[in-house]
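Colleague: Can you look at this prediction? I've put the sequence above it.
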Amino acid sequence: MASLQLLGFGSNGWGALLLVAALMTLAVTATALAIGAVLGAIIAFAKLSGSMVLKTLGNIYTTVFRGVPELLIIYLIYFGGSSAVTSIGKWLGYDGFLGLPSFAAGALAVGIISGAYQAEVFRGAYLAISKGELEAASAIGMHRGLRLRRIIIPQVFRFAIPGLGNVWQLSLKDSALISVTGLAELMRTSQVAAGSTRQYFLFFIAGGILYLVLTSLSDRIFNKAERRANRSMPAATIGQA
């Protein structure tokens, strides 16, 4: 009974802190996914371009950030970035340590990792577009910008939803590694609660259950989005130029 009271929502309970930490986990994951979407779109464009230089750079990015351990990238961004900022500060006359904010460093690190996977998702989604649609759009005189807005982006988004759902789940679990920066996300808060109360089994199980809740809800949301996108089919109509 005493153990369960620790998970309560009163002044002596950790339940409210765990829920806040779960929201922090969602926030850092959503930010990382947005960063990764921008990077992934750029890298996908590079890999689909006719330029050998851009293709090579894109392949290097995806190979490196999918092959290097996620924790190492977080260390490089957080500790290496803090060292770089401190050096810049000293060069500008500031005498002291300047650390990167845990949230920003963690979201950037996970976003960079996410971008490597999203690049492949976007590239595959683009290749899944019917070439006949693109040829027909060109044949009726639809310029590149219009093709991008009315055909390519809607179709890429529709085909990419399942892959983006997988990347979201990957980023959600990678966010647990950000605990090394001291950010009070779900993993870090579970660690602190377990260490403070010596109830390791209770709080790590509670943290695991909350992760399962987040991933299950995420699955339902992405599945619903996929069904809705498939029902609407391409919103882009070639006839509207």
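Modeller: Arrived safely, thanks for sending.

Colleague: State the distance from the residue nearest the centre of the chain to residue 114.
Modeller: In the chain, the residue lying closest to the centroid (CA atoms, centre = their mean) is residue 33, at 2.7 Å. Separation of residue 33 from residue 114 (CB to CB, to the nearest Å) stands at 6 Å. Heads up, the C-betas are built off the backbone N, CA and C, glycines and all.

Colleague: what do those two both touch?
Modeller: Counting by CB atoms under 8 Å, 6 or more residues apart in numbering, the shared contacts of residue 33 and residue 114 are 167, 171.

Colleague: Which residue comes closest to residue 35 once chain neighbours are left out?
Modeller: residue 111 (2.9 Å; CB to CB, 6 or more residues apart in numbering).

Colleague: same for the host helix or strand of the one you found, what does it pack against?
Modeller: Element membership for residue 111, per DSSP states H and E: helix 102-127. For helix 102-127, the elements it packs on are helix 15-48, helix 52-67, helix 70-75, helix 153-174, judged by 3 or more CB pairs under 8 Å, 6 or more residues apart in numbering; DSSP states H and E.

Colleague: so which of these comes closest to residue 187?
Modeller: Closest of the helices and strands packed on helix 102-127 to residue 187 is helix 15-48, at 7.9 Å (criterion: CB to CB).

Colleague: so how far is the closest one from its chain's centroid?
Modeller: Taking CA atoms, centre = their mean, to the nearest Å, the mean C-alpha location of helix 15-48 is offset from the chain mean by 3 Å.

Colleague: Which parts of that helix count as buried, going by neighbours?
Modeller: Neighbour-count burial for helix 15-48 flags 15, 18, 21-22, 24-26, 28-29, 31-33, 35-37, 39-44, 46-47 (criterion: 16 or more other CB atoms under 10 Å).

Colleague: Stretch 111-125 too?
Modeller: Going by neighbour count (16+ other CB under 10 Å), the buried part of stretch 111-125 is 111-123, 125.

Colleague: Residues in contact with it: which ones?
Modeller: Contact with stretch 111-125 is made by 31-41, 43-44, 47-48, 58, 61-62, 64-66, 70, 73, 77, 155-160, 163-164, 166-167, 170-171, 174, as judged by CB under 8 Å, 6+ apart.

Colleague: and what of stretch 90-109?
Modeller: Under the contact criterion CB under 8 Å, 6+ apart, stretch 90-109 has outside partners 24, 27-28, 31-32, 35, 70, 73-74, 76-78, 81-82, 85-86, 88-89, 175, 178, 181-183, 185.

Colleague: picking up where we left off before, and the buried residues of stretch 111-125, which two are the farthest apart?
Modeller: Spanning the widest gap among the buried residues of stretch 111-125 are 112 and 125, at 20.5 Å by CB to CB.

Colleague: Check which helix or strand residue 214 maps to.
Modeller: Using DSSP H and E, residue 214 sits in helix 200-232.

Colleague: quick one: least confident helix or strand in the chain?
Modeller: helix 2-6 (a mean of 53; mean pLDDT, DSSP states H and E).

Colleague: Quick one, grab the pLDDT at residue 141.
Modeller: pLDDT, residue 141: 72.

Colleague: So that it lines up with my notes, have the first residue be 14 from now on.
Modeller: OK, 14 is where the count begins now, so the last one is residue 154.

Colleague: Give the burial count for it, as a bare number.
Modeller: Look at residue 154: counted by other CB atoms under 10 Å, it has 8 neighbours.

Colleague: Equivalent analysis for residue 175, please.
Modeller: 16.

Colleague: Chain neighbours aside, what residue packs nearest to it?
Modeller: Distances taken as CB to CB, 6+ apart place residue 239 nearest to residue 175, at 5.9 Å, with adjacent residues excluded.
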